[in-house]
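J.: model this:
(one chain, ligands or ions: 2)
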Amino acid sequence: MKTLRVAITGVGNVGSRIGGALEERAPEFARRFNADVRVVGVSASTEGLIDGSGISGERIAGRTDFVSGLTGQRFFDELEADVLIEAGPSNYVDGAPGLSHLEAALEGSMDVICVSKGALVVAGDDIYRRAAEAERQVRVSGAAASAMPTVDFLTYDLAGAQVTRFEALLTGTTTFVLDTMYRHGWDLDDAVAEAQESGIAEPQPEFDVDGWDTAAKLVVIARAVFNAGIPIESVPRQSVKNVNEEQIDCWKQHDIVPRLVGILELDDSDRVTASVQVKCYPKSHPFSLAEGSMKAVNVSTKRMGDYSLLGGASSLDATAAAAIKDLEHILTCRMSSSVQ
Ligand SMILES: NC(=O)C1=CN([C@@H]2O[C@H](COP(=O)(O)OP(=O)(O)OC[C@H]3O[C@@H](n4cnc5c(N)ncnc54)[C@H](O)[C@@H]3O)[C@@H](O)[C@H]2O)C=CC1
Ligand SMILES: N[C@@H](CC=O)C(=O)O
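T.: Numbers count the residues shown, from 1 in each chain. Ligands and ions are numbered 1, 2, ... in the order given. Sure thing, here's the model as predicted:
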(Lines give C-alpha, C1' and ligand atoms only; values in the text may rest on other atoms or scores of the structure.)
(Ligands and ions follow the chains in the order given, each with its own letter.)
Protein backbone atom coordinates (compact mmCIF):
# COMPACT_ATOMS: atom_id res chain seq x y z
CA MET A 1 0.00 0.00 0.00
CA LYS A 2 1.35 3.45 -0.97
CA THR A 3 1.46 6.16 1.73
CA LEU A 4 0.37 9.73 0.96
CA ARG A 5 1.67 12.13 3.62
CA VAL A 6 -0.39 15.24 4.19
CA ALA A 7 0.56 18.43 6.06
CA ILE A 8 -1.77 21.23 7.17
CA THR A 9 -0.76 24.83 7.87
CA GLY A 10 -3.30 26.86 9.85
CA VAL A 11 -5.27 25.08 12.54
CA GLY A 12 -8.21 27.42 13.05
CA ASN A 13 -11.92 26.97 12.34
CA VAL A 14 -11.32 25.14 9.07
CA GLY A 15 -7.86 23.61 9.53
CA SER A 16 -8.83 21.90 12.76
CA ARG A 17 -11.68 20.13 10.94
CA ILE A 18 -9.59 18.96 8.00
CA GLY A 19 -7.78 16.33 10.08
CA GLY A 20 -11.07 14.77 11.20
CA ALA A 21 -12.51 14.93 7.69
CA LEU A 22 -9.45 13.17 6.31
CA GLU A 23 -9.54 10.51 9.02
CA GLU A 24 -13.17 9.81 8.13
CA ARG A 25 -12.31 9.30 4.45
CA ALA A 26 -9.07 7.35 5.01
CA PRO A 27 -10.67 3.87 4.94
CA GLU A 28 -12.33 4.73 1.63
CA PHE A 29 -9.01 5.96 0.19
CA ALA A 30 -7.38 2.72 1.35
CA ARG A 31 -10.08 0.65 -0.34
CA ARG A 32 -10.35 2.62 -3.59
CA PHE A 33 -6.76 3.70 -4.12
CA ASN A 34 -4.86 1.19 -2.00
CA ALA A 35 -3.37 4.28 -0.33
CA ASP A 36 -2.64 5.02 3.31
CA VAL A 37 -3.49 8.72 3.47
CA ARG A 38 -2.41 10.29 6.75
CA VAL A 39 -1.64 13.67 8.30
CA VAL A 40 2.05 13.81 9.22
CA GLY A 41 2.44 17.50 10.09
CA VAL A 42 0.37 20.45 11.28
CA SER A 43 1.45 23.98 12.10
CA ALA A 44 -0.32 26.84 13.83
CA SER A 45 0.92 30.41 14.39
CA THR A 46 3.34 29.61 17.25
CA GLU A 47 3.50 25.82 17.47
CA GLY A 48 3.15 22.64 15.47
CA LEU A 49 3.51 18.89 15.37
CA ILE A 50 5.29 16.44 13.07
CA ASP A 51 4.70 12.71 13.41
CA GLY A 52 5.28 10.42 10.44
CA SER A 53 3.20 7.67 12.04
CA GLY A 54 0.10 9.83 11.63
CA ILE A 55 -1.71 12.55 13.57
CA SER A 56 -5.35 11.97 14.44
CA GLY A 57 -8.08 14.59 14.08
CA GLU A 58 -8.38 14.58 17.86
CA ARG A 59 -4.69 15.43 18.34
CA ILE A 60 -4.99 18.25 15.79
CA ALA A 61 -8.08 19.76 17.38
CA GLY A 62 -6.79 19.21 20.95
CA ARG A 63 -3.26 20.56 20.30
CA THR A 64 -2.08 18.99 23.56
CA ASP A 65 1.24 17.66 22.21
CA PHE A 66 2.10 20.51 19.83
CA VAL A 67 5.73 21.66 19.99
CA SER A 68 6.34 25.34 20.66
CA GLY A 69 8.15 27.11 17.79
CA LEU A 70 7.53 24.30 15.28
CA THR A 71 6.04 26.59 12.64
CA GLY A 72 7.10 28.63 9.59
CA GLN A 73 10.44 27.69 8.01
CA ARG A 74 11.43 25.40 10.91
CA PHE A 75 8.27 23.37 10.30
CA PHE A 76 9.11 22.95 6.60
CA ASP A 77 12.76 22.19 7.35
CA GLU A 78 11.69 19.22 9.48
CA LEU A 79 8.64 18.13 7.46
CA GLU A 80 8.56 15.24 4.99
CA ALA A 81 5.23 15.29 3.17
CA ASP A 82 3.65 14.84 -0.25
CA VAL A 83 0.77 17.32 -0.07
CA LEU A 84 0.26 20.60 1.79
CA ILE A 85 -3.18 21.93 2.71
CA GLU A 86 -2.79 25.66 3.44
CA ALA A 87 -5.58 26.91 5.74
CA GLY A 88 -4.04 29.93 7.45
CA PRO A 89 -5.30 33.51 7.31
CA SER A 90 -6.13 35.17 3.96
CA ASN A 91 -3.93 38.23 3.66
CA TYR A 92 -4.49 40.35 0.53
CA VAL A 93 -1.59 42.72 1.22
CA ASP A 94 1.45 40.44 0.95
CA GLY A 95 -0.03 36.92 1.04
CA ALA A 96 1.75 36.04 4.31
CA PRO A 97 1.96 33.52 5.87
CA GLY A 98 0.31 31.33 3.20
CA LEU A 99 2.63 32.45 0.40
CA SER A 100 5.81 31.30 2.14
CA HIS A 101 4.07 28.03 3.11
CA LEU A 102 3.14 27.35 -0.52
CA GLU A 103 6.61 28.30 -1.74
CA ALA A 104 8.26 25.98 0.80
CA ALA A 105 5.88 23.16 -0.08
CA LEU A 106 6.49 23.46 -3.84
CA GLU A 107 10.21 23.73 -3.15
CA GLY A 108 9.86 20.44 -1.28
CA SER A 109 8.01 18.92 -4.26
CA MET A 110 4.60 18.76 -2.59
CA ASP A 111 1.27 19.21 -4.33
CA VAL A 112 -0.60 22.12 -2.75
CA ILE A 113 -4.23 22.61 -1.77
CA CYS A 114 -5.21 26.22 -1.03
CA VAL A 115 -8.03 26.97 1.36
CA SER A 116 -6.69 30.42 2.15
CA LYS A 117 -6.90 32.98 -0.65
CA GLY A 118 -4.25 35.60 0.12
CA ALA A 119 -1.27 34.00 -1.59
CA LEU A 120 -3.27 33.17 -4.73
CA VAL A 121 -4.55 36.73 -4.92
CA VAL A 122 -1.18 38.38 -4.35
CA ALA A 123 1.07 35.94 -6.23
CA GLY A 124 -1.13 33.55 -8.22
CA ASP A 125 1.13 33.76 -11.28
CA ASP A 126 4.19 32.89 -9.28
CA ILE A 127 2.55 29.97 -7.46
CA TYR A 128 1.31 28.37 -10.69
CA ARG A 129 4.71 28.94 -12.35
CA ARG A 130 6.57 27.33 -9.46
CA ALA A 131 4.12 24.42 -9.45
CA ALA A 132 4.57 23.88 -13.20
CA GLU A 133 8.35 23.93 -12.79
CA ALA A 134 8.13 21.41 -9.95
CA GLU A 135 5.55 19.35 -11.91
CA ARG A 136 3.20 19.60 -8.96
CA GLN A 137 -0.51 20.42 -8.72
CA VAL A 138 -2.25 23.48 -7.31
CA ARG A 139 -5.84 22.81 -6.18
CA VAL A 140 -7.97 25.71 -5.02
CA SER A 141 -11.53 24.53 -4.29
CA GLY A 142 -11.46 25.79 -0.69
CA ALA A 143 -10.33 29.23 -1.87
CA ALA A 144 -12.84 29.39 -4.71
CA ALA A 145 -16.18 28.98 -2.89
CA SER A 146 -15.49 25.61 -1.22
CA ALA A 147 -18.56 23.38 -1.44
CA MET A 148 -19.85 25.19 -4.55
CA PRO A 149 -18.01 23.72 -7.53
CA THR A 150 -16.51 26.60 -9.51
CA VAL A 151 -13.01 25.83 -10.81
CA ASP A 152 -13.65 22.09 -11.16
CA PHE A 153 -17.01 22.73 -12.87
CA LEU A 154 -15.58 25.25 -15.32
CA THR A 155 -12.36 23.41 -16.14
CA TYR A 156 -13.61 19.82 -16.15
CA ASP A 157 -17.34 19.65 -16.88
CA LEU A 158 -17.32 22.68 -19.14
CA ALA A 159 -13.97 21.96 -20.82
CA GLY A 160 -14.19 23.27 -24.37
CA ALA A 161 -17.62 24.86 -23.82
CA GLN A 162 -16.11 28.36 -24.10
CA VAL A 163 -17.43 30.24 -21.12
CA THR A 164 -18.48 33.80 -21.90
CA ARG A 165 -19.91 34.87 -18.56
CA PHE A 166 -19.75 33.65 -14.95
CA GLU A 167 -22.05 35.25 -12.39
CA ALA A 168 -22.17 33.86 -8.87
CA LEU A 169 -22.95 34.18 -5.20
CA LEU A 170 -19.51 33.29 -3.86
CA THR A 171 -19.64 34.55 -0.27
CA GLY A 172 -22.01 32.74 2.10
CA THR A 173 -21.78 35.53 4.67
CA THR A 174 -23.19 38.18 2.33
CA THR A 175 -25.97 35.93 1.08
CA PHE A 176 -26.84 35.20 4.72
CA VAL A 177 -26.75 38.90 5.67
CA LEU A 178 -28.89 40.07 2.73
CA ASP A 179 -31.28 37.12 3.09
CA THR A 180 -31.91 37.71 6.81
CA MET A 181 -32.23 41.49 6.29
CA TYR A 182 -34.70 40.97 3.44
CA ARG A 183 -36.77 38.06 4.69
CA HIS A 184 -36.56 38.43 8.48
CA GLY A 185 -35.96 42.15 8.97
CA TRP A 186 -32.60 41.68 10.76
CA ASP A 187 -30.22 44.59 10.88
CA LEU A 188 -26.80 44.34 9.26
CA ASP A 189 -24.77 44.14 12.48
CA ASP A 190 -26.87 41.30 13.97
CA ALA A 191 -26.67 39.34 10.74
CA VAL A 192 -22.88 39.78 10.54
CA ALA A 193 -22.51 38.76 14.20
CA GLU A 194 -24.49 35.57 13.51
CA ALA A 195 -22.30 34.75 10.50
CA GLN A 196 -19.22 35.26 12.70
CA GLU A 197 -20.69 33.00 15.36
CA SER A 198 -21.08 30.18 12.82
CA GLY A 199 -17.41 30.58 11.77
CA ILE A 200 -18.10 31.38 8.10
CA ALA A 201 -17.36 35.11 8.22
CA GLU A 202 -13.76 36.19 7.75
CA PRO A 203 -11.95 37.15 10.99
CA GLN A 204 -12.46 40.77 9.83
CA PRO A 205 -16.05 40.49 8.54
CA GLU A 206 -15.75 43.68 6.50
CA PHE A 207 -13.73 41.55 4.05
CA ASP A 208 -17.01 39.77 3.32
CA VAL A 209 -19.39 42.71 3.69
CA ASP A 210 -17.34 45.07 1.50
CA GLY A 211 -16.99 42.50 -1.28
CA TRP A 212 -13.29 41.67 -0.84
CA ASP A 213 -14.00 37.97 -0.28
CA THR A 214 -16.06 37.77 -3.49
CA ALA A 215 -13.42 39.78 -5.38
CA ALA A 216 -10.67 37.46 -4.08
CA LYS A 217 -12.59 34.40 -5.23
CA LEU A 218 -13.08 35.95 -8.68
CA VAL A 219 -9.33 36.56 -8.90
CA VAL A 220 -8.62 32.95 -7.88
CA ILE A 221 -11.17 31.55 -10.36
CA ALA A 222 -9.99 33.80 -13.21
CA ARG A 223 -6.40 32.62 -12.71
CA ALA A 224 -7.26 28.92 -12.33
CA VAL A 225 -9.79 28.73 -15.16
CA PHE A 226 -8.84 31.40 -17.69
CA ASN A 227 -5.15 31.88 -16.82
CA ALA A 228 -6.00 35.56 -16.35
CA GLY A 229 -4.16 37.70 -13.82
CA ILE A 230 -6.57 40.24 -12.34
CA PRO A 231 -5.21 42.56 -9.62
CA ILE A 232 -7.75 42.55 -6.79
CA GLU A 233 -7.54 46.35 -6.45
CA SER A 234 -8.76 46.67 -10.03
CA VAL A 235 -12.03 44.85 -9.31
CA PRO A 236 -14.88 47.36 -8.85
CA ARG A 237 -16.72 46.46 -5.63
CA GLN A 238 -20.02 47.38 -4.05
CA SER A 239 -20.64 46.87 -0.33
CA VAL A 240 -23.57 45.25 1.47
CA LYS A 241 -23.00 47.94 4.12
CA ASN A 242 -24.76 50.47 1.91
CA VAL A 243 -28.01 48.48 1.78
CA ASN A 244 -30.60 50.19 3.98
CA GLU A 245 -34.15 49.56 5.21
CA GLU A 246 -35.74 51.91 2.66
CA GLN A 247 -34.08 50.05 -0.21
CA ILE A 248 -35.16 46.71 1.19
CA ASP A 249 -38.78 47.97 1.42
CA CYS A 250 -38.63 49.27 -2.14
CA TRP A 251 -37.19 45.98 -3.47
CA LYS A 252 -39.90 44.05 -1.62
CA GLN A 253 -42.58 46.19 -3.26
CA HIS A 254 -41.09 45.33 -6.65
CA ASP A 255 -40.80 41.61 -5.76
CA ILE A 256 -37.05 41.56 -6.34
CA VAL A 257 -34.35 40.14 -4.07
CA PRO A 258 -30.88 41.66 -3.44
CA ARG A 259 -27.69 39.59 -3.62
CA LEU A 260 -23.96 40.36 -3.65
CA VAL A 261 -22.63 38.80 -6.85
CA GLY A 262 -19.26 38.33 -8.44
CA ILE A 263 -19.13 38.55 -12.23
CA LEU A 264 -16.48 37.48 -14.75
CA GLU A 265 -17.09 38.49 -18.35
CA LEU A 266 -15.04 37.37 -21.34
CA ASP A 267 -14.92 39.44 -24.50
CA ASP A 268 -14.30 38.11 -28.02
CA SER A 269 -10.55 38.19 -27.42
CA ASP A 270 -11.02 36.20 -24.19
CA ARG A 271 -10.08 39.22 -22.11
CA VAL A 272 -11.57 38.78 -18.65
CA THR A 273 -13.08 41.56 -16.57
CA ALA A 274 -14.34 41.16 -13.00
CA SER A 275 -16.77 43.07 -10.82
CA VAL A 276 -18.59 42.71 -7.50
CA GLN A 277 -22.08 44.18 -7.40
CA VAL A 278 -25.21 44.33 -5.27
CA LYS A 279 -27.85 43.25 -7.81
CA CYS A 280 -31.55 42.42 -7.52
CA TYR A 281 -33.18 39.37 -9.06
CA PRO A 282 -36.80 38.27 -9.62
CA LYS A 283 -38.09 35.94 -6.91
CA SER A 284 -38.01 32.92 -9.22
CA HIS A 285 -34.33 33.43 -10.14
CA PRO A 286 -31.96 30.76 -8.73
CA PHE A 287 -29.98 33.47 -6.88
CA SER A 288 -33.15 34.53 -5.02
CA LEU A 289 -33.71 30.92 -3.99
CA ALA A 290 -30.30 30.81 -2.27
CA GLU A 291 -31.17 30.99 1.41
CA GLY A 292 -28.92 31.22 4.45
CA SER A 293 -25.29 30.91 3.43
CA MET A 294 -26.02 29.10 0.16
CA LYS A 295 -24.12 29.91 -2.98
CA ALA A 296 -25.18 29.91 -6.62
CA VAL A 297 -23.55 30.00 -10.02
CA ASN A 298 -24.87 31.01 -13.47
CA VAL A 299 -22.60 30.28 -16.41
CA SER A 300 -23.10 31.14 -20.07
CA THR A 301 -21.13 29.24 -22.69
CA LYS A 302 -20.85 29.43 -26.47
CA ARG A 303 -20.99 25.71 -27.16
CA MET A 304 -23.05 24.11 -24.38
CA GLY A 305 -25.64 26.73 -23.48
CA ASP A 306 -26.32 28.10 -20.00
CA TYR A 307 -26.14 26.56 -16.54
CA SER A 308 -27.35 27.31 -13.00
CA LEU A 309 -26.03 25.63 -9.87
CA LEU A 310 -27.54 26.24 -6.44
CA GLY A 311 -26.16 24.91 -3.13
CA GLY A 312 -22.70 24.67 -1.59
CA ALA A 313 -23.62 26.63 1.52
CA SER A 314 -20.65 28.03 3.43
CA SER A 315 -19.91 25.93 6.49
CA LEU A 316 -16.75 24.77 8.20
CA ASP A 317 -17.39 21.08 7.54
CA ALA A 318 -18.22 21.74 3.89
CA THR A 319 -14.98 23.71 3.47
CA ALA A 320 -12.99 20.88 5.04
CA ALA A 321 -14.79 18.46 2.69
CA ALA A 322 -13.85 20.64 -0.31
CA ALA A 323 -10.17 20.41 0.70
CA ILE A 324 -10.49 16.62 0.94
CA LYS A 325 -12.15 16.60 -2.50
CA ASP A 326 -9.02 18.31 -3.84
CA LEU A 327 -6.92 15.71 -2.06
CA GLU A 328 -8.94 12.96 -3.72
CA HIS A 329 -8.28 14.51 -7.14
CA ILE A 330 -4.57 14.64 -6.37
CA LEU A 331 -4.71 11.03 -5.25
CA THR A 332 -6.47 10.06 -8.47
CA CYS A 333 -3.73 11.74 -10.55
CA ARG A 334 -0.90 10.31 -8.49
CA MET A 335 -2.33 6.80 -8.63
CA SER A 336 -3.03 6.88 -12.37
CA SER A 337 0.43 8.26 -13.15
CA SER A 338 2.10 5.54 -11.08
CA VAL A 339 0.23 2.92 -13.18
CA GLN A 340 1.54 4.37 -16.48
N1 LIG B 1 -14.29 29.86 7.58
C2 LIG B 1 -14.74 29.49 6.39
O3 LIG B 1 -15.93 29.11 6.21
C4 LIG B 1 -13.82 29.49 5.22
C5 LIG B 1 -12.54 30.01 5.31
N6 LIG B 1 -11.72 30.02 4.22
C7 LIG B 1 -10.37 30.52 4.34
O8 LIG B 1 -9.67 29.54 5.11
C9 LIG B 1 -8.71 30.15 5.93
C10 LIG B 1 -8.92 29.72 7.37
O11 LIG B 1 -10.19 30.16 7.79
P12 LIG B 1 -10.62 29.96 9.29
O13 LIG B 1 -10.18 28.62 9.74
O14 LIG B 1 -12.04 30.32 9.37
O15 LIG B 1 -9.73 31.10 9.98
P16 LIG B 1 -9.10 31.05 11.44
O17 LIG B 1 -8.67 32.45 11.73
O18 LIG B 1 -10.00 30.36 12.38
O19 LIG B 1 -7.81 30.11 11.24
C20 LIG B 1 -6.59 30.54 10.73
C21 LIG B 1 -5.53 29.91 11.59
O22 LIG B 1 -4.25 30.13 11.02
C23 LIG B 1 -3.35 30.27 12.09
N24 LIG B 1 -2.12 30.93 11.71
C25 LIG B 1 -1.83 32.25 11.72
N26 LIG B 1 -0.56 32.44 11.33
C27 LIG B 1 -0.03 31.22 11.07
C28 LIG B 1 1.24 30.76 10.65
N29 LIG B 1 2.25 31.61 10.42
N30 LIG B 1 1.44 29.43 10.49
C31 LIG B 1 0.44 28.54 10.70
N32 LIG B 1 -0.79 28.94 11.12
C33 LIG B 1 -1.02 30.25 11.29
C34 LIG B 1 -4.12 31.08 13.13
O35 LIG B 1 -3.58 30.88 14.41
C36 LIG B 1 -5.51 30.49 13.01
O37 LIG B 1 -5.70 29.46 13.92
C38 LIG B 1 -8.86 31.66 5.73
O39 LIG B 1 -7.85 32.05 4.85
C40 LIG B 1 -10.23 31.82 5.11
O41 LIG B 1 -10.29 32.90 4.24
C42 LIG B 1 -12.09 29.46 3.03
C43 LIG B 1 -13.34 28.93 2.87
C44 LIG B 1 -14.32 28.95 3.93
N1 LIG C 1 -16.15 34.22 4.37
C2 LIG C 1 -16.46 33.24 3.37
C3 LIG C 1 -15.94 31.90 3.75
C4 LIG C 1 -14.66 31.65 3.11
O5 LIG C 1 -14.45 31.69 1.94
C6 LIG C 1 -17.96 33.09 3.18
O7 LIG C 1 -18.70 33.78 3.89
O8 LIG C 1 -18.37 32.32 2.29
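J.: can you list the residues of the stretch 151-300 of the chain near ligand 1?
T.: 199-200, 202-203 (C-beta under 6 Å from any ligand atom). In this view, the C-beta of every residue, glycine as well, is placed from N, C-alpha and C.
J.: any idea which of those is least confident?
T.: Note: of these, the lowest pLDDT belongs to P203, at 89.
J.: ok, that one touching N91?
T.: No. Using C-beta atoms under 8 Å, P203 makes no contact with N91, being 10.6 Å away.
J.: Look at those two and report which has more neighbours.
T.: When neighbours are counted by other C-beta atoms under 10 Å, P203 and N91 differ, and N91 comes out ahead with 17 against 10.
J.: Quick check: the more buried one vs A216, distance?
T.: 10 Å (C-beta to C-beta, to the nearest Å).
J.: Now do the shared contacts for the two.
T.: Common neighbours of N91 and A216, counting by C-beta atoms under 8 Å, 6 or more residues apart in numbering, are G118.
J.: which residue ranges form the helices in the stretch 201-340 of the chain?
T.: 206-209, 212-226, 245-253, 286-289, 316-339 (DSSP state H, counting those that start in this stretch).
J.: and those, which is most packed in?
T.: Most buried of the helices of the stretch 201-340 of the chain by mean neighbour count (mean count of other C-beta atoms under 10 Å) is helix 212-226; its value is a mean of 25.
J.: which ones are touching the closest residue to L260 other than its chain neighbours?
T.: Ranked by C-beta to C-beta, 6 or more residues apart in numbering and with sequence neighbours excluded, the top spatial neighbour of L260 is T174, at 4.0 Å. Contacts for T174 were tallied using C-beta under 8 Å, 6+ apart; they are 208-209, 211, 213-214, 240, 259-260.
J.: How about A44?
T.: Listed by C-beta under 8 Å, 6+ apart, the contact partners of A44 are 10-12, 15, 63, 66, 71.
J.: Can you tell me which of these is nearest R223?
T.: Nearest to R223 among the contacts of A44 is G10, at 20.8 Å by C-beta to C-beta.
J.: right, and the closest one touches E86 too?
T.: Yes. Counting by C-beta under 8 Å, E86 is a contact partner of G10 at 6.6 Å.
J.: what about the strands in the stretch 51-200 of the chain?
T.: Ranges of strands within the stretch 51-200 of the chain are 67-68, 83-86, 111-114, 138-139, 163-169, based on DSSP state E, counting those that start in this stretch.
J.: got CSV for those strands, with mean neighbour count and mean pLDDT too?
T.: Below are the strands of the stretch 51-200 of the chain laid out as CSV (neighbours: other C-beta atoms under 10 Å; pLDDT from 0 to 100):
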stretch, mean neighbour count, mean pLDDT
strand 67-68, 11, 98
strand 83-86, 28, 98
strand 111-114, 28, 98
strand 138-139, 23, 98
strand 163-169, 22, 98
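J.: G311 and ligand 1, how far apart?
T.: Distance, G311 to ligand 1, using C-beta to the nearest ligand atom, to the nearest Å: 15 Å.
J.: Can you tell me how far that residue is from T175?
T.: Computed as C-beta to C-beta, the G311 to T175 distance reads 12 Å.
J.: between those two, what contacts are shared?
T.: Common neighbours of G311 and T175, using C-beta under 8 Å, 6+ apart, are 294-295.
J.: quick one: which of these two has more around it?
T.: T175 (27 against 13).
J.: So the more buried one is in contact with L289, correct?
T.: No. Contact status for T175 versus L289: not in contact, 10.9 Å apart, counting by C-beta under 8 Å.
J.: Tell me the most packed of the contacts of A44, by neighbour count.
T.: Going by other C-beta under 10 Å, G15 tops the contacts of A44 with 26 neighbours.
J.: got a list of what that one touches?
T.: 8-9, 42, 44, 60, 85, 87-88, 115.
J.: at 10 Å what do you get?
T.: Counting by C-beta atoms under 10 Å, 6 or more residues apart in numbering, G15 touches 8-9, 42-44, 60-61, 85-88, 115-116, 316, 319-320, 323.
J.: Check R31 too.
T.: With contacts defined as C-beta under 10 Å, 6+ apart, R31 has no neighbours.
J.: If we check ligand 1, which of the contacts of A44 are in contact?
T.: 10-12, 15, 71.
J.: from these, which is closest to ligand 1?
T.: Ligand 1 has its nearest neighbour among the ones next to ligand 1 among the contacts of A44 in G12, at 1.8 Å by C-beta to the nearest ligand atom.
J.: Grab the nearest non-local neighbour of the closest one.
T.: Computed as C-beta to C-beta, 6+ apart, the closest residue to G12 that is not its neighbour in sequence is A87, at 7.1 Å.
J.: I figured the one you found hits T319, correct?
T.: Yes. With contact defined as C-beta atoms under 10 Å, A87 reaches T319; the gap is 8.5 Å.
J.: joint contacts of these two?
T.: Common neighbours of A87 and T319 (criterion: C-beta under 10 Å, 6+ apart): 13-15, 17-18, 115, 142-143.
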